[in-house]
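1. Sharing a model prediction with you, sequence too.
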Amino acid sequence: MVKKMDEIEAGLKKLEQKIEELEKLQAKSDTLSQEIRSHDSELLARMAKSAVPVVKIVGLNMLRMGKQDTKGEIYDPAYYPQKMIILGKAAEPAAFRPDNAQKQVTDQFCVLSEEGKFFELMYSFDGFLTDSYLNPIDSKTAIEHYGYDILFMLYRAMHDYLKGEEVLVESLENVIGYIFARAP
């Protein structure tokens, strides 16, 4: 009977040690996650610079202006000269465009240009003409308005198209994991 109690006590002590180790690991993980989130806009800005070649390859020429027929089809379109990738869509677009308070925003997207700059692409529609405004924003504003999803979207673009940069992509994967697994 005494031997069984000794084994139970030894097992309990091992269990307590494991719990302490896990708590220390969790505390370290929380610290890393918080540290990463405190530098999230810097991370996004650096990712944007690294993604410039990707945007040049997979980016789209976004509609700047076009007329809409009665079926909703765009004709006579004009496009922005630089390519862009869409990172996110605003759940609540701005009420009006910064360039013209008379134009209501119908759709709003966070985009990254082939120059590595962030913009809010704001579309307006007056019943006949669809036109847009490229509102320049910094990485901090991009995260504030569109959340961490844009970090993930930029990571996915880099993951799929940056050949030979496995170490960079793997490091970003770890950082993104911290942000999404522990973000409040």
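-> Received, thanks.

2. C-alpha only now, for contacts and for neighbours.
-> Will do.

3. Under a three-state scheme, what state does the residue nearest the centre of the chain occupy?
-> Here the mean C-alpha position of the chain is nearest to the C-alpha of I150 (Cα atoms, centre = their mean), at a distance of 1.3 Å. For I150, the secondary structure call by DSSP: H, G, I helix; E, B strand; the rest coil comes out as helix.

4. How many residues are close by the closest residue in space to Y155 that isn't next to it in sequence?
-> By the measure of Cα to Cα, 6 or more residues apart in numbering, the closest residue to Y155 outside its immediate chain neighbours is L172, 7.0 Å from it. Counted with other Cα atoms under 10 Å, the burial measure for L172 works out to 20 neighbours.

5. With A101 instead?
-> A101 has 10 nearby residues by other Cα under 10 Å.

6. what helix or strand does it sit in?
-> Taking DSSP states H and E as the definition, A101 sits inside strand 100-104.

7. Give me the buried stretch members for that strand, please.
-> When burial is assessed from 16 or more other Cα atoms under 10 Å, strand 100-104 yields the following buried residues: K103, Q104.

8. Give the pairing partners of that strand; include direction for each.
-> For strand 100-104, the paired strands and their directions (DSSP bridges) read strand 96-97 (antiparallel).

9. How far off centre is the partner strand?
-> The gap between where strand 96-97 is centred and where its chain is centred comes out at 23 Å by Cα atoms, centre = their mean, to the nearest Å.

10. Contacts for that strand next, please.
-> For strand 96-97, contacts defined as Cα atoms under 8 Å, 6 or more residues apart in numbering pick out Q102, K103, Q104, V105, M122, Y133.

11. Would you mind giving the domain segments of the protein?
-> In the assignment given by automatic domain parsing, the structural domains of the chain cover 1-38, 39-182.

12. Now tabulate these in JSON lines and tack on mean pLDDT.
-> Supplementary listing: those in JSON lines, determined by pLDDT from 0 to 100:
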{"stretch": "domain 1-38", "mean pLDDT": "65"}
{"stretch": "domain 39-182", "mean pLDDT": "88"}
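
13. of all those domains, which gets the most neighbours per residue?
-> Comparing the domains of the chain on average neighbours per residue, with mean count of other Cα atoms under 10 Å, the densest one is domain 39-182 at a mean of 17.

14. mind listing what the residue lying closest to V58 once chain neighbours are set aside touches?
-> Nearest residue to V58, sequence neighbours excluded (Cα to Cα, 6+ apart): I85, at 7.5 Å. I85 is in contact with V55, V58, G59, L60, V111, L112, S113, counting by Cα under 8 Å, 6+ apart.
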